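> this is a predicted model, with the sequence first.
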Amino acid sequence: MENINNSDTSSNKKIILSGIQSTGELNIGHYFGAIKNWVKLQDDYINYLFVADMHAITVRQDPAALRRRSLEVAATYIACGINPEICTLFIQSHVPAHTQLAWVMNCYAMFGELSRMTQFKEKSEQHSDNINAGLFTYPALQAADILLYNANLVPVGLDQKQHLELARDIAVRFNSVYGDVFTIPEPYISKEKSAKINSLQEPIKKMSKSDSNINASVLLLDKTDDIIKKFRRAVTDSETEVRFAEGKDGINNLMTIYSCATGRAYDEIEREFSGKGYGDFKLAVGEAVVSVLEPIQKKFNGLMSDRAGLEKILKDGAEKAAHRANKTLAKVYKKIGFLQI
Ligand code: TRP
């Protein structure tokens, strides 16, 4: 496979691609569940990591806030340990091939398939006043994101698995007509328990950017006092014992977070807090999270104060990404019969 990543010119490393929408502030679920994993994988793969600002507008966004968040999400990737020298880091709207291929994908994704997407159904309920066509064809754009880079692996949370399966189905369908054009991507769902962080207020629900209860999520940029406060207010149960067990969703979630932040296993955590109450435990979780986030926030602030430096990284990233993406797009255009002159 042709390889344009300058950090890797000889090996046949596999290609990883992933992105996060710039719709809201990132929380510890994004870090422990996604970005931390990308950081771990970055040396062993060719990485395309992007900010999905085009997906973001399927729900109304304030333009200034969207602009700011796109930059912040990119800075957060780097602050969390993504090395832009190794990874191709870019903003989706900076690479026009995404929308160009998305149109083609639209013509190979079936109405029935798109109608079955859980996220579409959920978002249609949440935004019943704005069920736009983009919300419906969202997975076709996502398929374009993935297939443009011949991604082998796509690290996603469980909520995105259905979209990834659709991208695979489209790729297989397209290849069966036109030959071997697209690489068939595989989902990469982390085996670690770190993969899913839940809401602190409703611990059976995923910690989400769009949750209106501010105590439900710990944001990556939250102040120390707020982090401690949010953990103090976390919903638990009527028992007193720190142990991982069915029905103890609040405590299980806190143990998962503590485990992610400290690297300790559940049985170690149970021993550490045996005989102690939930109050002590919640404080310890808060403090552990603060110590993970402090250096990230410091790095984030440094990056944001050098806007020109950040823009340079994103400009270089978009150029590298476009180089790769345009090759795939040209191949697709040729195969489907668009006139070449
Ligand atoms: N839909 C993903 C989310 O909501 C973001 C995303 C867009 C994505 N395109 C992608 C993730 C391609 C993986 C691969 O978080």
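Nice, I can see it. Model, not experiment: these values are computed from the prediction.
> what residues does Asn253 make contact with?
197-200, 203, 234 (CB atoms under 8 Å, 6 or more residues apart in numbering). To be clear about C-beta, it is placed using only N, CA and C from the backbone, and glycine gets the same treatment.
> distance check, it against Ala109.
Noted for Asn253: a distance of 35 Å to Ala109, by CB to CB, to the nearest Å.
> my read: Gly24 touches Ser70, true?
No: using CB atoms under 8 Å, Gly24 makes no contact with Ser70, being 12.0 Å away.
> what's the overlap in contacts for these two?
By CB under 8 Å, 6+ apart, no residue touches both Gly24 and Ser70.
> can you tell me which residues in this protein are near the ligand?
Neighbours of the ligand within the chain, by CB under 6 Å from any ligand atom: 17-21, 52, 55, 142, 145-146, 154, 156, 160.
> which strands and helices sit next to the helix or strand containing Leu66?
According to DSSP states H and E, Leu66 maps onto helix 63-79. For helix 63-79, the packing partners by 3 or more CB pairs under 8 Å, 6 or more residues apart in numbering; DSSP states H and E come out as strand 46-52, helix 53-56, strand 87-91, helix 278-304, helix 307-336.
> mind listing what's buried along it?
66, 69-79 (16 or more other CB atoms under 10 Å).
> low-confidence stretches in the stretch 1-150 of the chain?
By pLDDT under 70, the weakly predicted segments of the stretch 1-150 of the chain are 1-11.
> pull the contacting residues for the residue in the stretch 201-341 of the chain positioned nearest to the ligand.
Using CB to the nearest ligand atom, the closest approach of the stretch 201-341 of the chain to the ligand is made by Lys209 at 9.0 Å. For Lys209, the contacting residues are 21, 23-27, 217, by CB under 8 Å, 6+ apart.
> before we move on, the earlier item: what's in contact with the helix holding Leu66?
Residues from elsewhere that reach helix 63-79 (CB under 8 Å, 6+ apart): 20, 22-26, 35, 38, 49, 51, 53, 56-57, 84, 89, 91, 220, 296-297, 299-300, 303-304, 307, 310, 313-314.
> can I get that helix as CSV, trimmed to CA atoms?
Taking C-alpha atoms only, helix 63-79 is exported to CSV below (Å, rounded to 0.1, in the frame of the first residue of the first chain):
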residue,chain,number,x,y,z
PRO,A,63,-20.9,29.4,14.5
ALA,A,64,-18.5,31.0,16.9
ALA,A,65,-18.8,28.1,19.3
LEU,A,66,-18.3,25.5,16.6
ARG,A,67,-15.1,27.3,15.4
ARG,A,68,-13.7,27.5,18.9
ARG,A,69,-14.6,23.9,19.7
SER,A,70,-13.0,22.5,16.5
LEU,A,71,-9.7,24.2,17.5
GLU,A,72,-10.1,23.0,21.1
VAL,A,73,-10.8,19.4,20.2
ALA,A,74,-7.7,19.4,18.0
ALA,A,75,-5.6,20.9,20.8
THR,A,76,-7.1,18.4,23.2
TYR,A,77,-5.9,15.5,21.1
ILE,A,78,-2.3,16.8,21.3
ALA,A,79,-2.6,17.8,25.0
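> Three-state assignment for the closest residue to Tyr278 other than its chain neighbours, please.
The shortest distance from Tyr278 to any residue other than its chain neighbours is 5.2 Å, reached at Thr236 (CB to CB, 6 or more residues apart in numbering). Assigned by DSSP: H, G, I helix; E, B strand; the rest coil, the conformation of Thr236 is coil.
> over to the one 3 residues further on?
Counting by three-state DSSP, the backbone at Glu239 sits in coil.
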